[in-house]
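Participant: Sequence and predicted structure below; questions after.
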Amino acid sequence: MTACSRHKIAVFASGQGSNFEAIVRASLAGEVNADVALLVSDNPSARVCQIAREMGVETFVFAAKDYASKEEYERLIVEHCRQREVELICLAGYMRIVGRVLLEAYRGAIVNIHPSLLPAFAGAKAIEQAVNYGVKVYGVTVHYVNQTLDGGEIIAQQAFGYEGSDIEELTTMIHKVEHKLYIDTIKKLLK
Ligand code: GAR
């Protein structure tokens, strides 16, 4: 990645899109030296797709069941990313394991955010997993992506204390931490 030109990133998401929205806002505000050139989503009815349309971000939305294999839809994803000269892929609640085709095309350039202090509580419903375990220190991780679920080298983590068990309150706290940590990390990666 070059130092001064404006970079192109793609965000992959399957759900609510709060991280996607925060990244797009940071991009529009010039806080991040990159344009969000593409949203990739595997869930046509996800709120994130609506947000992308409202914010004028191009989308590639697919249903995995329409393809014979992960390789097939990932080849299309790579094509869409390359057409837009995407340099960095940011997973933000993309609930699929990334496969060989994407990992090889974007080696070392796919990152993910996860709502726990990995390697603890990987997988779905990480916040609930942590609450059920009774942890007192929560946190967020940004990591490089490999072929394992929420695996890959850790880039950044932020921890905070919380003694309650209100999942809604905790989720709001986690999202706030995620948005800041993800944007700060993306900025560093693009430098
Ligand atoms: C975020 O909390 C993100 O860390 C999590 O999904 C949520 C998406 O929220 N990702 C994972 O659990 C990955 N294993 P959002 O759609 O509001 O950004």
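Facilitator: Looks like it came in fine.
Participant: thinking residue 44 is in contact with residue 64, fair?
Facilitator: No: applying C-beta atoms under 8 Å as the test, residue 44 and residue 64 come out as separate, 11.1 Å apart. Where you see a C-beta, it was placed from the backbone N, CA and C, and this is true even at glycine.
Participant: show me where pLDDT drops low in this protein?
Facilitator: Residues of the chain that meet the criterion pLDDT under 70 lie in 1-4.
Participant: give me the number of residues near the closest residue to the ligand within it?
Facilitator: In the chain, no residue comes nearer to the ligand than residue 93, which is 2.6 Å away by C-beta to the nearest ligand atom. The number of residues packed near residue 93 is 23, by other C-beta atoms under 10 Å.
Participant: In contact with it, which residues?
Facilitator: 13-17, 19-20, 48, 113 (C-beta atoms under 8 Å, 6 or more residues apart in numbering).
Participant: Can I take it that it is in a strand?
Facilitator: No: looking at residue 93 with DSSP: H, G, I helix; E, B strand; the rest coil, it is coil, so not inside a strand.
Participant: how near is it to residue 75?
Facilitator: For residue 93, the distance to residue 75 equals 23 Å [C-beta to C-beta, to the nearest Å].
Participant: what does residue 135 give?
Facilitator: For residue 135, the distance to residue 75 - C-beta to C-beta - is 40 Å.
Participant: Show me what the closest residue to residue 27 other than its chain neighbours bridges to in the sheet.
Facilitator: Counting by C-beta to C-beta, 6 or more residues apart in numbering, residue 36 is the residue found nearest to residue 27 once chain neighbours are left out, at 5.3 Å. Using DSSP bridges, the bridge partners assigned to residue 36 are residue 9.
Participant: For residue 36, the count of nearby residues, please.
Facilitator: Residue 36 has 26 neighbours, counted by other C-beta under 10 Å.
Participant: hang on, isn't it packed against residue 7?
Facilitator: No: the pair residue 36 and residue 7 does not pass the contact test of C-beta under 8 Å, sitting 10.2 Å apart.
Participant: does the ligand sit close to stretch 83-90?
Facilitator: No: applying C-beta under 6 Å from any ligand atom, one finds stretch 83-90 out of contact with the ligand, separated by at least 10.4 Å.
Participant: quick one: that stretch to chain centroid distance?
Facilitator: Mean-position distance between stretch 83-90 and its chain equals 13 Å (C-alpha atoms, centre = their mean, to the nearest Å).
Participant: Report the buried residues of it.
Facilitator: Using 16 or more other C-beta atoms under 10 Å as the test for burial, stretch 83-90 gives 84, 86-90.
Participant: Quick check: which element contains residue 181?
Facilitator: helix 167-190 (DSSP states H and E).
Participant: same deal with residue 73?
Facilitator: Taking DSSP H and E as the definition, residue 73 sits inside helix 70-83.
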